[in-house]
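Colleague: from the sequence below, what's the structure:
(one chain, ligands or ions: 2)
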Amino acid sequence: MPQSFHDLTFDQLREHIVAAGLRPAHAGTLWNTLHFRAMQDPLAREDLPPPLRRWLTQVLGDGSWMLDAPPVSLDTPSSDGLTHKFLLRMADAQEIETVIMGYTGRHTACISTQAGCAMGCVFCATGQMGFVRHLRPGEIVAQVLHAQRSVRAKGEKGLRNLVFMGMGEPLHNYDSVMTALDIICDTRGLNIGPSKISVSTVGVVPGILRMAAENRPYNLAVSLHAATEEERAKLIPANQRWPLTELMAACRSYNAQTGRRIFFAWTLIEGVNDTPEHARRIAELLQGLDAHINLIPLNRTDGYTGTESSDSAADAFHRILQDAGFPCTIRQRRGIDVAAGCGQLKAAKRERRKTTA
Ligand code: SAH
Ligand code: SF4
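Modeller: Ligands and ions are numbered 1, 2, ... in the order given. Modelled structure (predicted):
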């Protein structure tokens, strides 16, 4: 298996460049080409220094090194122009989703961290697929670079925000995700500010504690969806491994250690977790935490019978949390016509294949 240039941090790249007998400055040139210019093929850069070009041509040619420049296997712009969804094909033919959301000057990319997911949340299209494998740092970075190229192709400056809310559980693939983030935030490259990046977890307690201990400067989002052990375990099997009580203790410790707010996500499912009683229970559970609550109406998936809450139930829910003193937002439903929910594009494509077969 060749090594990927996109797996490397700047320092790692420089070590390899120096070990190859090239000048250290060539590391800066290659980094600029891959991560600042976001060029898919560095050899296409005309002013590449000849020694660097010779070396790259050699190592890419003999298969000792590779680039993560995944081809697009499906490109689905939404009719409202606000969501653009891609399926990218990895070297082993695994397909992962990357989504760009937003409007002029304010684009957010939604990034995947695994092919499939082991956590098995019942309402989630990725969970319904099961776990396939972790993504390498380069495969995560490549999605951001693809999104960057796509935004720039529209004549805009580039991406502003990133959310790790695509396929997979980021904190189940901790090391690769954190290395990818080091690469993405490097000011000589993509230069996306840590405060513009959100990492969403289903509640992998050791990962939350590690982010706090390492003082990782990203926004942390925690997918809550239920406020009692019993109700949460029904929606999120991983609650058995990391029960709500442990998760809440980890969140409190994260708040205290980092001084950072936590963004709790609550997917509103009609009759399941959207009654006023549920809203009051959240307020009780999160009492004293520095918390923001994001309410997201369920996107329907084939493997789950639940439906989204009515607008009136969502509004009432929202009001109770606001009255309890929590900053709270209802996320707009965007790009539903391109199946913008987590893992849904891939699921839809598979379904179409089945129908045509
Ligand atoms: N594994 C991480 C990040 C990816 S999922 C996590 O679970 O947090 C990103 C968000 O999408 C989570 O809050 C998840 O609960 C939510 N989600 C998954 N499937 C959904 C669906 N069908 N409708 C609405 N939200 C969904
Ligand atoms: Fe995995 Fe997140 Fe989907 Fe749950 S919601 S199955 S943790 S991707």
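Colleague: how many other residues sit next to the residue in the stretch 151-300 of the chain that ligand 2 sits nearest to?
Modeller: Nearest residue of the stretch 151-300 of the chain to ligand 2 (C-beta to the nearest ligand atom) works out as residue 202 at 3.5 Å. For every residue, glycine as well, the C-beta is placed using N, CA and C. The tally of other residues near residue 202 (other C-beta atoms under 10 Å) stands at 27.
Colleague: for it, give me phi and psi.
Modeller: Per-residue torsions, residue 202: phi -80, psi -10 (degrees, to the nearest 10).
Colleague: is it in contact with residue 237, as I believe?
Modeller: No - with contact taken as C-beta atoms under 8 Å, residue 202 and residue 237 are classed as non-touching, separated by 9.6 Å.
Colleague: need the residues touching each of these two.
Modeller: Applying C-beta atoms under 8 Å, 6 or more residues apart in numbering, one finds that residue 202 and residue 237 are jointly contacted by 119, 121.
Colleague: might one say that residue 257 is in contact with residue 214?
Modeller: No - taking contacts as C-beta under 8 Å, residue 257 lies outside contact range of residue 214: 10.3 Å.
Colleague: show me which residues of the protein sit near ligand 2.
Modeller: Contact residues of the chain with respect to ligand 2, defined by C-beta under 6 Å from any ligand atom, are listed as 117, 119, 120, 121, 124, 126, 127, 168, 169, 202, 223, 342.
Colleague: now with 8 Å?
Modeller: 114, 117-121, 123-128, 165-169, 172, 200-202, 223, 236, 238, 342-343 (C-beta under 8 Å from any ligand atom).
Colleague: quick check: which element contains residue 109?
Modeller: Assigned by DSSP states H and E, residue 109 falls within strand 106-110.
Colleague: for that strand, packing partners?
Modeller: strand 95-103, helix 137-153, strand 161-164 (3 or more C-beta pairs under 8 Å, 6 or more residues apart in numbering; DSSP states H and E).
Colleague: reformat these as a markdown table; add mean pLDDT and mean neighbour count.
Modeller: Converted to a markdown table, the helices and strands packed on strand 106-110 look like this (pLDDT from 0 to 100; neighbours: other C-beta atoms under 10 Å):
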| stretch | mean pLDDT | mean neighbour count |
| --- | --- | --- |
| strand 95-103 | 91 | 22 |
| helix 137-153 | 97 | 23 |
| strand 161-164 | 96 | 22 |
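Colleague: tell me where this protein has helices.
Modeller: According to DSSP state H, the chain carries its helices in the segments 10-19, 25-31, 50-61, 125-129, 137-153, 174-185, 205-213, 229-235, 244-258, 276-285, 311-323, 344-356.
Colleague: and stretch 293-303, how far from the chain's centre?
Modeller: 17 Å (C-alpha atoms, centre = their mean, to the nearest Å).
Colleague: which of the residues in it are buried?
Modeller: Buried residues in stretch 293-303, defined by neighbour count with 16 or more other C-beta atoms under 10 Å: 293, 294, 295, 296, 297, 298, 299, 300, 301.
Colleague: same question for that stretch, mean pLDDT?
Modeller: The average of the pLDDT scores along stretch 293-303 is 93.
Colleague: tell me the span between the first and last residue of it.
Modeller: Counting by C-alpha to C-alpha, to the nearest Å, the length from the leading to the trailing residue of stretch 293-303 is 26 Å.
Colleague: close to ligand 1, is it?
Modeller: Yes - judged by C-beta under 8 Å from any ligand atom, stretch 293-303 comes into contact with ligand 1 through 296, 297, 298, 299, 300, 301.
Colleague: list the beta-bridge partners for the first one.
Modeller: Read that as residue 296. In this structure, residue 296 has beta-bridge partners residue 267, where bridges are defined by DSSP bridges.
Colleague: is it correct that it is in contact with residue 266?
Modeller: Yes - using C-beta under 8 Å, residue 296 is in contact with residue 266, at 7.0 Å.
Colleague: phi, psi for the closest residue to residue 37 other than its chain neighbours please.
Modeller: Leaving aside its chain neighbours, residue 37 sits nearest to residue 45 (7.3 Å; criterion: C-beta to C-beta, 6 or more residues apart in numbering). Main-chain torsions, residue 45, degrees, to the nearest 10: phi -80, psi 120.
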